[in-house]
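A.B. asks: Give me coordinates for this.
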Amino acid sequence: MDIMDLGVKLLAQKLGGSANNDMVGQVLGSLLSNSKGDLDLGSLLNGMNGGGLSDLAESWLGDGDNKPVSTNQLESIFGSDKIKEMAGQLGADKGSLL
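C.D. replies: Sure thing, here's the model as predicted:
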């Protein structure tokens with residue numbers, strides 16, 4: 001199972017019956033992919049580093065425990081407008097998505 005499949009599975013479970021895996025995959029893919037449709041972790045990490053969350057990113061990339069991410073941090077990383085758009089596409093509210 002690749003990282004995207006894992007993300008889709010976890011997010012679909014978190015949302016319960018409000019969204020199917022295909023829709024979750026499309027929305028998550030648009031959030032995490034570059035213009036070519038490839039998973040773009042570099043841009044995600046750059047956004048985290050630029051947003052003052054480099055210690056969080058480093059904990060995920062290094063050995064040891066991963067630091068937890070808060071809903072406010074997620075919204076900061078991806079942007080409120082993008083989160084609202086994703087939630088609407090999935091038929092969920094912003095808080096549930098975060």
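
A.B. asks: Can you classify G64 by secondary structure?
C.D. replies: Judged by DSSP: H, G, I helix; E, B strand; the rest coil, the three-state class of G64 is coil.

A.B. asks: Neighbours of it, how many?
C.D. replies: 7 (other C-beta atoms under 10 Å). Backbone N, C-alpha and C define where each C-beta goes, glycine included.

A.B. asks: Look up how far E58 lies from it.
C.D. replies: 10 Å (C-beta to C-beta, to the nearest Å).

A.B. asks: anything in contact with each of these two?
C.D. replies: Counting by C-beta atoms under 8 Å, 6 or more residues apart in numbering, no residue touches both G64 and E58.

A.B. asks: Could you give the average pLDDT over the helix or strand hosting Q13?
C.D. replies: Assigned by DSSP states H and E, Q13 belongs to helix 3-15. Average pLDDT, helix 3-15: 85.

A.B. asks: Point out the other helices and strands that it packs with.
C.D. replies: With contacts taken as 3 or more C-beta pairs under 8 Å, 6 or more residues apart in numbering; DSSP states H and E, helix 3-15 sits against helix 21-32, helix 94-97.
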